[in-house]
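Trainee: Got a predicted structure plus its sequence, pasted below:
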Amino acid sequence: MIEVKSELGAGTRGASLGPDALKIASLEYGQYFFGKFKRKEIRDSSLLLFKNPTRTYAKRIRGIVDVFQRLARTVNDELKYGTFPVIISGDHSSAGGSIAGVKMAYPDKRIGVVWVDAHADLHSPFTTPSGNVHGMPVAASLGIDNLDEAQNTLADDNTREYWNNLKNIGGISPKIYPENVVFIGVRDMEEPELNFIRRKKIKTITVKEVREAKAKEIAKRVREYLKSCDIIYVSFDVDSIDSSVIKGTGTPVPNGFSLIEVRKLLEALCKDPRLVCFEITEINPLLDENNETARKVFPVFKAVVNTIKKRLEDEEKKRKKEDKKAKKAAEILKKKGLPVNVTLTLKKKPRKTSAK
């Protein structure tokens, strides 16, 4: 579990408390869920919250560059070590750092991104109406400015320099491509984002489509669409859930998923053997009552993590079984005096992979 207690990219205060809100909610279930996993925490430049933002179109971006760098390094290290990073972040800007870390670990692989969110987060400093960077992580990962839809003229305040830093975390840009992104549940966009989606023909799946089809069918469609991708990253913003169900998130939007719908959808998506990283984000207990949002979302999160954990355990059992079978076959060949390396190629046993 990698906790990113940062809300530097958000427009309202409180998202940095989201990871702790989720952990507190878990205690009501009496199973000490979080105690089963190792934990890392990403520090952020939280003091910037107490200063007036100096950049209109990318607020607190200097601190966000630091968050991106720290998170990217951590995700990269965990993936190279052979563990599965589950990220619990405050605001959604951190997803750009998560994707950067995945790309750093797999620089030669094509990444598919499944973005379960009410928002496309495709803005850049040139198009943003708010200046909040949590609306920009997909654009940063795509390495785009979307100048065709520019609304803003940047002042000489280093915004452009810091934005280029965000796009180039890990020394790789772009990290993903429009044809490898799938938006699910997106329903609140500004014109620059909508026009970019249309122009690049980015795959979008509506709440209605998910509701009319089974979760397994949607996951099948996503897998088929992303068949050219080597690995998958799934990002889950809780505002994809209907605003009548949850209140504790920075930008709630009506006509979203029910808790059951989003749980089944995420479970189905996370059974994909190419999945290497999962993120949950945008729980804000300060906008809530009695931590209700985290209490409702925790069972969804737990179900998803258990789905990932079971998949990894099944894969490990299969590898061990195949390894045992291969060793036995090699012993038989050896007894018969046959050269093992001619008849059978033994695969090197991979590092043990566990949920972390």
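Mentor: Here it is on my side, so go on. Not measured: the values here are computed from a predicted model.
Trainee: tell me the secondary structure for Tyr233?
Mentor: strand (DSSP: H, G, I helix; E, B strand; the rest coil).
Trainee: contacting residues around the helix or strand where Phe236 lies?
Mentor: Using DSSP states H and E, Phe236 sits within strand 231-237. For strand 231-237, the external contacting residues (Cβ atoms under 8 Å, 6 or more residues apart in numbering) are 92, 95, 98-99, 102, 106, 109-119, 226, 249, 262, 266, 269-270, 272, 274-282, 304. (Each C-beta comes from the backbone N, C-alpha and C, glycine too.)
Trainee: Just the ones in helices from those residues, please.
Mentor: Ala95, Ser98, Ile99, Val102, Val262, Leu266, Leu269, Val304 (DSSP state H).
Trainee: Using ChimeraX, define a selection of the buried residues within those.
Mentor: If you want just the buried ones from these in ChimeraX, going by 16 or more other Cβ atoms under 10 Å, the selection is:
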select :95,98,99,102,262,266,269,304
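Trainee: any idea which of the ones in helices among the contacts of strand 231-237 is closest to Gly82?
Mentor: Closest approach between the ones in helices among the contacts of strand 231-237 and Gly82, by Cβ to Cβ: Val102, at 14.3 Å.
Trainee: partners of the residue nearest to the spatial centre of the chain in the sheet?
Mentor: Centroid check for the chain by Cα atoms, centre = their mean gives Ser235 as the closest residue, at 3.1 Å. In this entry, Ser235 is beta-bridged to Trp115, Glu279, by DSSP bridges.
Trainee: So how do I select the buried members of the contacts of strand 231-237 in PyMOL?
Mentor: Selection of buried members from these for PyMOL, criterion 16+ other Cβ under 10 Å:
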select buried, resi 92+95+98+99+102+106+111+112+113+114+115+116+117+118+119+226+249+262+266+269+270+272+275+276+277+278+279+280+281+282+304
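Trainee: Please identify the buried residues of stretch 23-43?
Mentor: Within stretch 23-43, the residues that count as buried by 16+ other Cβ under 10 Å are Lys23, Ile24, Ala25, Ser26, Phe33, Phe34, Lys40, Ile42.
Trainee: ditto for stretch 147-159
Mentor: Of all the residues in stretch 147-159, those buried under the rule 16+ other Cβ under 10 Å are Glu149, Asn152, Leu154, Thr159.
Trainee: Restricting to C-alpha, output that stretch in PDB.
Mentor: The C-alpha trace of stretch 147-159 is given here as PDB (Å, rounded to 0.1, in the frame of the first residue of the first chain):
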ATOM      1  CA  LEU A 147      -2.900  24.200 -27.700                       C
ATOM      2  CA  ASP A 148      -5.600  23.800 -30.300                       C
ATOM      3  CA  GLU A 149      -8.100  24.400 -27.500                       C
ATOM      4  CA  ALA A 150      -6.000  26.900 -25.600                       C
ATOM      5  CA  GLN A 151      -8.000  29.300 -23.300                       C
ATOM      6  CA  ASN A 152      -5.200  30.800 -21.200                       C
ATOM      7  CA  THR A 153      -2.100  32.800 -21.900                       C
ATOM      8  CA  LEU A 154       0.600  31.800 -19.400                       C
ATOM      9  CA  ALA A 155       2.500  34.500 -17.500                       C
ATOM     10  CA  ASP A 156       6.200  34.500 -17.200                       C
ATOM     11  CA  ASP A 157       6.000  32.600 -13.900                       C
ATOM     12  CA  ASN A 158       7.700  29.300 -14.700                       C
ATOM     13  CA  THR A 159       4.400  27.500 -15.200                       C
END
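Trainee: Kindly indicate which of the ones in helices among the contacts of strand 231-237 lies nearest Ile2.
Mentor: Nearest to Ile2, judged by Cβ to Cβ, of the ones in helices among the contacts of strand 231-237 is Ser98 at 8.5 Å.
Trainee: What does the pLDDT read for the closest one?
Mentor: We have a pLDDT of 98 for Ser98.
Trainee: Repeat that for Lys51.
Mentor: On the pLDDT scale, Lys51 gets 89.
Trainee: go on, Asn195?
Mentor: Model confidence at Asn195, given as pLDDT, is 98.
Trainee: and if you look at Ser354?
Mentor: In this model, Ser354 carries a pLDDT of 47.
Trainee: what does Glu28 give?
Mentor: 91.
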